[in-house]
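Trainee: test case, fold it:
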Amino acid sequence: MTQILDWQPEPGEVVEFQLSTDQAPVAHDVPASYFQQAHLRLAAAHRASGRQQSPWVAMAFDLEGRVDLDALADAWQGLVRRHEAFHTWYEPDTEALTGFRIPPDSLTVRPVRIGDFTSTGELRAHLHRRIDEQTAVSRLGMLAGVIRRDPASTVYFAIDHAYSDGHSLALLFHEIRARYHAARGRTSFGPAAAPGYLECNRRERERSASLTAASPELVAWSEFLAAEDGGFPDFPVDLGNDAHALLPAVRLEYPVLTGVEARAFRAYCAQHGGGFAAGAFAALALAQREFTGNDVYRVLTAVSTRAYPRLLHVHGWLVNLVPLLFRLPAAPTLADAIGSAQQGFQRARAGYDVPLHRALELLLDGGEVPGIPPMASYLDGRTAPGSRDYPSANATVLTGPDNANGVSLWLNWFHDRADLVVSMPDTPQAAAGVPKYLDRVREIMLTAASGRSALPH
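Mentor: Sure thing, here's the model as predicted:
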């Protein structure tokens, strides 16, 4: 995951893939998901106030040689016709977030040459500007293109985060490459029709309507919000943001474990009653205890709402945040803490289909519901199609400049490494304190991976 200001694309000829249709959009009656609703309204508020924000996600990866433009255009056309996320949307500047769709068979894609760039800085600035422009428009707000050169060309794609998540970007990486090679006659590719995210939105709304503050599905949320001082937990170090205001954010990337160390860490966790994620959360909890003395670990953690195999093919933002809560045992080591973390993680994931915003709507009794609060995410990226090719294809997720009121963490496990991406307010206090905390978390995990005693200081 790379912040676009830190991206270093090699110069070359830039070509965009222009998406068009001869059909008028048709309104649909499926409401936006709770996360989409919060995201789209927050982005609209930022635009209205003039606050800088880049509410998109993007991906870049290499294809061999100076790409065949007709073959790549064919690949993009097949993808946008197949997946609902690329031909339906919600108008963010309407109060009801009115939904629209375009008949997918009417969509066509053609390559449009933009020009040659000889400077990495000028190229990056151009792509950043174009991504911000295209993803800000409500109608099919996405941008696809390629930087053509030898010996490899770089494909890039960006879309409003409301319509894509990390899993979707992994699907896109695999499908575009497969379609491109098929269009060039190297392989065959004939995927079945993929389910759409609108049906997921409809089910979420129907299920959520049946929930009340007394529903058993909300017990974990009630306990989470009632713990300690209530509300959401503060980060274990001072961030210089006592008012919890949205501030310009910085993004850091920490290498945590090599591929060999990650597998050793997973084996250590299994010996002590948990998985990789439980071990990571236990390490976060142990470091918190050392910094604050608090032995109750609370955090919102991201889970996928793709609960069935057929939903693994859906493009969209199918993610929820659930409440993770567990207490460390007395005088804990990592080995002692993993079991407690595993139980807490399993309990949190059991509520994957209780939308965060609906739970807070019911339990906070009219209190303010945050757009997207700070969280900690774990992703096993090894299971994604084509993931073994990420290093050779220079595949990376791109994000834009953002704002933050707290710290969000993304721990990603790939075949060759496990790394930690951190978003935090750009303050002197956060710059001084957050790395110290995360260094200690990494030290605990490395100690376990090496087979040494994982005792806290």
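Trainee: number of residues surrounding residue 304?
Mentor: Other residues within reach of residue 304 by the criterion other Cβ atoms under 10 Å amount to 16. Glycine gets a C-beta too; all of them are placed from N, C-alpha and C.
Trainee: next: the one 5 residues further on.
Mentor: Neighbours of residue 309 under the rule other Cβ under 10 Å: 7.
Trainee: for it, grab phi and psi.
Mentor: In terms of degrees, to the nearest 10, the main-chain angles of residue 309 are phi -50, psi -40.
Trainee: check the secondary structure at residue 335 for me.
Mentor: Of the three states, residue 335 takes helix under DSSP: H, G, I helix; E, B strand; the rest coil.
Trainee: thought it was touching residue 274?
Mentor: No. Using Cβ atoms under 8 Å, residue 335 is not in contact with residue 274, being 9.9 Å away.
Trainee: of those two, which one has the most company?
Mentor: residue 274 (25 against 19).
Trainee: tell me which residues touch that one, please.
Mentor: 282, 338, 339, 341, 342, 345 (Cβ atoms under 8 Å, 6 or more residues apart in numbering).
Trainee: all helices for the stretch 301-450 of the chain, in order.
Mentor: 334-350, 356-363, 428-449 (DSSP state H, counting those that start in this stretch).
Trainee: so which of those helices gets nearest residue 46?
Mentor: Within the helices of the stretch 301-450 of the chain, the stretch nearest residue 46 is helix 356-363; the backing value is 18.1 Å (Cβ to Cβ).
Trainee: who are the packing partners of the closest one?
Mentor: If contacts are counted by 3 or more Cβ pairs under 8 Å, 6 or more residues apart in numbering; DSSP states H and E, helix 356-363 sits against helix 34-49, helix 219-226, strand 319-327.
Trainee: lowest-confidence stretch among those?
Mentor: Lowest mean pLDDT within those: helix 34-49, a mean of 88.
Trainee: the inter-axis angle of it versus helix 356-363?
Mentor: 90 degrees (axes from the mean of the first three to the mean of the last three Cα atoms, to 10 degrees).
Trainee: need the residues that contact whichever helix or strand comes after helix 34-49.
Mentor: Downstream of helix 34-49, the next assigned helix or strand under DSSP states H and E is strand 56-64. If you take Cβ under 8 Å, 6+ apart as the criterion, strand 56-64 is touched by 4, 7, 9, 72, 131-132, 135, 146, 151-161, 164-166, 169, 172-173, 177, 180, 390, 393-400.
Trainee: keep only those of those residues that are in strands.
Mentor: 146, 152-160, 396-399 (DSSP state E).
Trainee: just checking: what are the partner strands of the helix or strand in which residue 143 is found?
Mentor: Element membership of residue 143 [criterion: DSSP H and E] is strand 142-148. Applying DSSP bridges, strand 142-148 is found paired with strand 12-20 (antiparallel), strand 152-160 (antiparallel).
Trainee: please report how far residue 431 lies from residue 104.
Mentor: 47 Å (Cβ to Cβ, to the nearest Å).
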